[in-house]
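K.L.:
Next one to model:
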Amino acid sequence: MNSKYWEEEIETMSREKLQELQLQRLKKTIGIAAHSPYYQKVFQEHGITADSIRTLDDIRKIPFTNKADMRACYPFGMVSGNMHEDGVRIHSSSGTTGTPTVIVHSQHDLDSWANLIARCLYMVGIRRTDVFQNSSGYGMFTGGLGFQYGAERLGALTVPAAAGNSKRQIKFITDFKTTALHAIPSYAIRLAEVFHEEGKDPTSTSLKTLVIGAEPHTDEQRRKIERMLNVKAYNSFGMTEMNGPGVAFECQEQNGMHFWEDCYLVEII
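P.N.:
Down below sits the predicted model:
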């Protein structure tokens with residue numbers, strides 16, 4: 001694939017065509033959500049059906065869903081359809097501030113999510129010829145498996161190194177000729193420090209691309225990481241409730257993140 005787009009038709013769609021697709025998918029989403037115990041009740045109370053959504057502005061008819069609602073529905077009160085027939089994976093938030101947020105994924109959900117991550121990675125120049133190392137935890141946190149499946153969907157050679165064990169991370173980066181790394185910003189800085197502790201130059205590896213996110217960081221921190229590891233670092237955004245990573249991503253301009261509007265409708269309140 002020589003194009004600069006992973007999905008050119010979607011990524012270059014006119015605003016008019018995009019809005020048509022958004023309305024079509026919004027109506028479909030409401031039709032699906034109406035089968036969940038929570039939304040069935042909410043939609044009945046507010047007279048909402050897929051047919052009642054005629055324009056994108058009609059999203060205002062839908063009441064907010066907040067964390068308290070999701071916690072009250074723990075664990076499966078928001079699941080649409082037959083979870084035992086269609087559900088293939090559960091992810092959840094950490095639950096550090098209360099009851100965790102639980103998301104049940106169907107195979108379609110996972111396929112769509114992997115494709116979005118692949119689109120993100122492709123946008124910053126990662127290709128199937130790259131070696132992609134993932135230093136996120138492979139558990140209920142979506143950053144681990146989310147990027148793993150996305151990088152595989154892209155066709156890159158993946159290194160599921162998981163979190164921690166910095167000396168092993170460095171050995172893999174060095175021996176496997178890793179070209180792209182996913183890490184939270186603070187850990188990227190720690191890796192550079194361990195390189196020096198081991199008497200190695202962190203700027204002399206094959207690394208060229210770093211994907212960062214999952215914790216707040218300033219642009220100054222990003223530039224520091226880029227200097228320390230001799231890479232370009234790209235910010236990412238996602239939430240467990242919205243699949244996980246892959247909701248928005250920076251392009252090579254590094255001038256703010258692009259929301260994937262074919263999958264996420266942004267409402268500014």
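K.L.:
Please count neighbours and contacts with C-alpha atoms only from this point.
P.N.:
Will do.
K.L.:
Check which residues of the top helix by length along the chain are buried.
P.N.:
Scanning the chain for the helix with the most residues, using DSSP state H, yields helix 15-33. Across helix 15-33, burial judged by 16 or more other CA atoms under 10 Å covers 18-19, 21-27, 30-33.
K.L.:
now stretch 130-147
P.N.:
When neighbours are counted by 16+ other CA under 10 Å, the buried residues of stretch 130-147 are found to be 130-138, 140-147.
K.L.:
Please apply the same query to stretch 93-100.
P.N.:
93, 99-100.
K.L.:
re earlier: can you tell me which of the buried residues of stretch 130-147 are in strands?
P.N.:
Where the buried residues of stretch 130-147 overlap with strands, as defined by DSSP state E, the overlap consists of 131-134.
K.L.:
Can you list the neighbours in contact with stretch 223-243?
P.N.:
Under the contact criterion CA atoms under 8 Å, 6 or more residues apart in numbering, stretch 223-243 has outside partners 91-93, 101-103, 109, 113, 124, 141-142, 185, 188-189, 192, 202-204, 207-214, 222, 244-252, 254, 257.
K.L.:
Now which of those residues would you call buried?
P.N.:
Judged by 16+ other CA under 10 Å, buried ones among the contacts of stretch 223-243: 91-93, 101-103, 113, 124, 141-142, 185, 188-189, 192, 202-203, 207-214, 222, 244-251, 257.
K.L.:
Out of those, list just those in strands.
P.N.:
In strands, defined here by DSSP E, the members of the buried ones among the contacts of stretch 223-243 are 91-92, 102-103, 209-212, 244-250, 257.
K.L.:
just these now: which is nearest Leu265?
P.N.:
The closest of those to Leu265 turns out to be Val247 (CA to CA; 10.4 Å).
K.L.:
so the closest residue to that closest one other than its chain neighbours, which of the three states?
P.N.:
Counting by CA to CA, 6 or more residues apart in numbering, the nearest residue to Val247 once its immediate chain neighbours are dropped is Gly238, at 5.0 Å. Going by DSSP: H, G, I helix; E, B strand; the rest coil, the secondary structure assigned to Gly238 is strand.
K.L.:
In the sheet, which residues pair with Val104? Tell me.
P.N.:
Here Val104 sits in beta bridges with Ile90, going by DSSP bridges.
K.L.:
give me the number of residues near it?
P.N.:
Other residues near Val104 come to 20 when the count uses other CA atoms under 10 Å.
K.L.:
distance of Ser94 from Ala68?
P.N.:
Here the criterion is CA to CA, to the nearest Å. By it, Ser94 lies 15 Å from Ala68.
K.L.:
Give me the mean pLDDT for the longest helix of the chain.
P.N.:
If you average the pLDDT over helix 15-33, you get 97.
K.L.:
What's the mean pLDDT across the helix or strand hosting Gln40?
P.N.:
Counting by DSSP states H and E, the element that carries Gln40 is helix 37-46. Averaged across helix 37-46, pLDDT comes to 97.
K.L.:
go on, stretch 182-199?
P.N.:
Per-residue pLDDT values over stretch 182-199 give a mean of 97.
K.L.:
Now that stretch - C-alpha only, CSV.
P.N.:
Extracted in CSV, the C-alpha atoms of stretch 182-199 (Å, rounded to 0.1, in the frame of the first residue of the first chain):
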residue,chain,number,x,y,z
HIS,A,182,4.1,2.5,22.2
ALA,A,183,4.7,3.8,25.7
ILE,A,184,3.3,6.3,28.2
PRO,A,185,5.4,9.5,28.3
SER,A,186,6.8,9.1,31.8
TYR,A,187,8.0,5.5,30.9
ALA,A,188,9.6,6.7,27.6
ILE,A,189,11.7,9.1,29.7
ARG,A,190,12.5,6.3,32.1
LEU,A,191,13.6,4.0,29.3
ALA,A,192,16.0,6.7,28.1
GLU,A,193,17.5,6.9,31.6
VAL,A,194,17.9,3.1,31.8
PHE,A,195,19.7,3.2,28.4
HIS,A,196,22.3,5.5,30.0
GLU,A,197,22.5,3.4,33.2
GLU,A,198,23.3,0.4,31.0
GLY,A,199,26.0,2.4,29.2
